[in-house]
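J.: Just the structure for this:
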Amino acid sequence: MRLLIVALAATFAFTCSAADKSTGYIKARGKPTGAGLFIDGKYIGPAGRFTVPEKYEVEPGDHEVAFKDPRYEDFSTKVSVKAGKTSKVSYHLKAVTLPPPPYGRLRFGGDGQESFISVTAGDTGPIYINDKFYGFIDELNNAGGGILLPPGTYEVHAIPNGYQEVRQTVTVEANKVMVIKLTKK
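T.: Numbers count the residues shown, from 1 in each chain. Predicted coordinates for the structure are as follows:
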């Protein structure tokens, strides 16, 4: 029995170390912390949250890494990732000139009671407004949150992790809050 346990432990250790060597990681540090991280054109998640950089698993090789935030110019760079290693990327996005007020506010609401704590805490699903990345669900889902937009009509596409995907046309009015309700899957 002891021999079987030792053999299983050795097999498990070998499998885990082999699995660790078949992928690499990308970790980004910069400003703004919550910029969307895109690898080879695909949204991966926020570069970081609460000043802590996220670490994302990727295939070894060369990758195009981009950072996007609606208040800043996009930035992209090439990164080479080695198996079993973490490639670190530094970035600092340049602020863009924002349109002048007035603004309306767009946010998402969960299917529970409203509060200043997001009911989708930790949900890093992306939000696109008029096909442009605008952040992730957890950022825009609480009674005090949301994104300021000039009055107008927008196409909203959100892909939450725990809720149904949203594709909706919305009209944002000056000095008002527009809430898109999320529905559990």
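J.: Quickly find the element holding the residue nearest the centre of the chain.
T.: Of all residues in the chain, the one closest to the mean position by C-alpha atoms, centre = their mean is residue 45, 2.9 Å from it. With elements taken from DSSP states H and E, the one containing residue 45 is strand 42-46.
J.: Please compute how far that strand lies from its chain's middle.
T.: When distances are taken as C-alpha atoms, centre = their mean, to the nearest Å, strand 42-46 is centred 5 Å away from the chain's centroid.
J.: coming back round to it: confirm for me that the residue nearest to the centre of the chain is in contact with residue 136.
T.: Yes: using C-beta atoms under 8 Å, residue 45 and residue 136 qualify as a contacting pair, with a distance of 7.3 Å. Yep, even glycine has a C-beta here, placed from its N, CA and C like the rest.
J.: re the thing from before, need the contact partners of the strand holding residue 45.
T.: Residues outside strand 42-46 that contact it (C-beta atoms under 8 Å, 6 or more residues apart in numbering): 33, 34, 35, 36, 37, 38, 54, 56, 124, 126, 133, 136.
J.: repeat that for 10 Å
T.: 26, 28, 32-39, 53-54, 56-58, 65-69, 124-126, 128, 133, 135-136, 138-139, 159 (C-beta atoms under 10 Å, 6 or more residues apart in numbering).
J.: Sort out for me which of these are in strands.
T.: Where the contacts of strand 42-46 overlap with strands, as defined by DSSP state E, the overlap consists of 26, 28, 36-39, 53, 56-58, 65-68, 126, 128, 133, 135-136.
J.: Tell me the buried residues within those residues.
T.: The neighbour-count test (16 or more other C-beta atoms under 10 Å) applied to those identifies 26, 28, 36-39, 53, 56, 58, 65-68, 126, 128, 133, 135-136 as buried.
J.: Which neighbours do residue 45 and residue 136 have in common?
T.: Once C-beta under 10 Å, 6+ apart is applied, the residues that residue 45 and residue 136 both contact turn out to be 34, 36, 124, 125, 126.
J.: List the contacts of the fourth one.
T.: The reference is to residue 125. Contacts of residue 125 by C-beta under 10 Å, 6+ apart are 43, 45, 136-138, 158-163, 165-166, 182.
J.: from those, which is closest to residue 74?
T.: Residue 74 lies nearest to residue 43 out of the contacts of residue 125, by C-beta to C-beta, at 12.7 Å.
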